[in-house]
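# Sequence and predicted structure below; questions after.
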Amino acid sequence: MTPLLKVKDIAKFYGGRIGCTDVGFDLYPGEVMGIVGESGSGKSTLLNCLAGHLAPDRGQVLFDTRTDGLKDIVTMSEPERRMLARTDWAFVHQHARDGLRMGVSAGGNVGERLMAVGARHYGDIRAQAIDWLGRVEIPEDRVDDRPDAFSGGMQQRLQIARNLVTGPRLVFMDEPTGGLDVSVQARLLDLLRGLVREMGLSAIIVTHDLAVVRLLADRLMVMKSGHVVETGLTDQVLDDPQHAYTQLLVSSVLQV
Ligand SMILES: Nc1ncnc2c1ncn2[C@@H]1O[C@H](COP(=O)(O)OP(=O)(O)OP(=O)(O)O)[C@@H](O)[C@H]1O
């Protein structure tokens, strides 16, 4: 099987400081990869390099495009990358307002993504938007409200609807439950898990929360100081960590 994403020897430096280095892995269709590590370990730098938001200093990020097979997104033209970001990719930001248009209604936020991939019929777009609001547990009568009128959890669910409505093949998530109350986090995690399974999504999830990866990720990559120190199946890594740093990470969570 061809990997959906093939990452080869990625490195990004900020002046003399390491952002991330020597990162390589394959992600197969339907697979969810978690990236964990303490603050400053390079998770966001790596995610942004993978999603085409940041140009790495070295390496390749090959994506299995529908038309041309594996193509390096690092050397791809900007319009091509933008097209991918609108169609096959989705990016769920930690702060919903970074991924939403705050001046546009909830229905408009979801519908806009559909229009970006060519939907034109107003009635269909509105119906699909309402259907997706329902899937993320936002009542239909809130469709014309702006995101500012929503709670943090609702905003995050709206951002997820906006991202998934076009059926992307790869979803990048940056701390999707960060900054929310614990009870809201649990509900959001449940919802995300359901959607990921139902849609057979491939995803890369960055988080410092091991509970998030335990629930969502098939595989785990542990980062420290810009390097990957351990990879493996999520349960294996969390239940039997091999690297001293992973052991510390797991035990510090258990003590909470
Ligand atoms: N724009 C930047 N300019 C200079 N150094 C940066 C920049 N962004 C990140 N870094 C540095 O790169 C390293 C990795 O940072 P990064 O934000 O990727 O880590 P992280 O694991 O995502 O952290 P957090 O969980 O706090 O977001 C850190 O040493 C950080 O200080």
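Cool, the structure landed. This one's a predicted model, so the numbers in the text were calculated from it and none came from an experiment. Residues are numbered from 1 along each chain as shown.
# which residues does the residue of the stretch 101-250 of the chain found nearest the ligand contact?
Nearest residue of the stretch 101-250 of the chain to the ligand (Cβ to the nearest ligand atom) works out as His208 at 5.6 Å. For every residue, glycine as well, the C-beta is placed using N, CA and C. Counting by Cβ atoms under 8 Å, 6 or more residues apart in numbering, His208 makes contact with 36-39, 43, 175, 178.
# now, which of those residues lie close to the ligand?
Filtering the contacts of His208 for proximity to the ligand by Cβ under 6 Å from any ligand atom leaves 37, 39, 43.
# Reformat the residues you listed into TSV and put neighbour count, secondary structure and pLDDT next to each item.
Below are the ones next to the ligand among the contacts of His208 laid out as TSV (neighbours: other Cβ atoms under 10 Å; DSSP: H, G, I helix; E, B strand; the rest coil; pLDDT from 0 to 100):
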residue	neighbour count	secondary structure	pLDDT
Gly37	25	coil	93
Ser39	7	coil	90
Lys43	24	helix	96
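# in stretch 47-63, what counts as buried?
Residues of stretch 47-63 classed as buried: 47-52, 56, 59-63 (neighbour count, 16 or more other Cβ atoms under 10 Å).
# List the contacts of that stretch.
Contacts of stretch 47-63 (Cβ under 8 Å, 6+ apart): 3-13, 20, 23-24, 35, 45, 70-74, 76, 81, 84-85, 88-89, 91, 170, 172, 174, 204, 206.
# Between the two ends of that stretch, how far is it?
One end of stretch 47-63 to the other measures 14 Å (Cα to Cα, to the nearest Å).
# repeat for stretch 51-65
Taking Cα to Cα, stretch 51-65 runs 14 Å from one end to the other.
# Check the gap between the residue of the stretch 101-250 of the chain closest to the ligand and Phe172 for me.
16 Å (Cβ to Cβ, to the nearest Å).
# is the ligand contacted by whichever strand or helix holds Asp26?
In the assignment (DSSP states H and E), Asp26 maps to strand 17-27. Yes - Strand 17-27 is in contact with the ligand by Cβ under 6 Å from any ligand atom, via 17, 19.
# So which residues make contact with the helix or strand hosting Ala211?
Assigned by DSSP H and E, Ala211 belongs to helix 210-216. Helix 210-216 is contacted by residues 32, 34, 36, 176-177, 189, 192-193, 196, 203, 205, 207, 220, 234-235, 238, 249-250, 253 when judged by Cβ under 8 Å, 6+ apart.
# Which of these fall in helices?
189, 192-193, 196, 234-235, 238, 249-250, 253 (DSSP state H).
# Could you restrict those to the ones contacting the ligand?
Counting by Cβ under 6 Å from any ligand atom, no member of the ones in helices among the contacts of helix 210-216 is near the ligand.
# Let me have those in CSV, extended by neighbour count.
Shown next, in CSV, are those (neighbours: other Cβ atoms under 10 Å):
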residue, neighbour count
Leu189, 19
Leu192, 27
Arg193, 14
Val196, 22
Thr234, 20
Asp235, 12
Leu238, 21
Leu249, 23
Val250, 17
Val253, 14
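# Out of the residues you listed, which comes closest to Ala106?
Lowest distance from Ala106 to these (Cβ to Cβ) belongs to Leu192, with 18.4 Å.
# Next to the ligand, which bits of the stretch 101-250 of the chain? Give me the list.
Checking the stretch 101-250 of the chain against the ligand by Cβ under 6 Å from any ligand atom, the hits are His208.
# can you pull the buried residues of the helix or strand hosting Gln247?
Gln247 belongs to helix 244-255 when assigned by DSSP H and E. Within helix 244-255, the residues that qualify as buried are 245-246, 249-250, counting by 16+ other Cβ under 10 Å.
# Just the residues contacting the strand holding Asp26, thanks.
Residues contacting strand 17-27 (Cβ under 8 Å, 6+ apart): 3-13, 33, 42, 45-46, 49, 59, 170, 202, 204, 221, 223, 225-228, 231.
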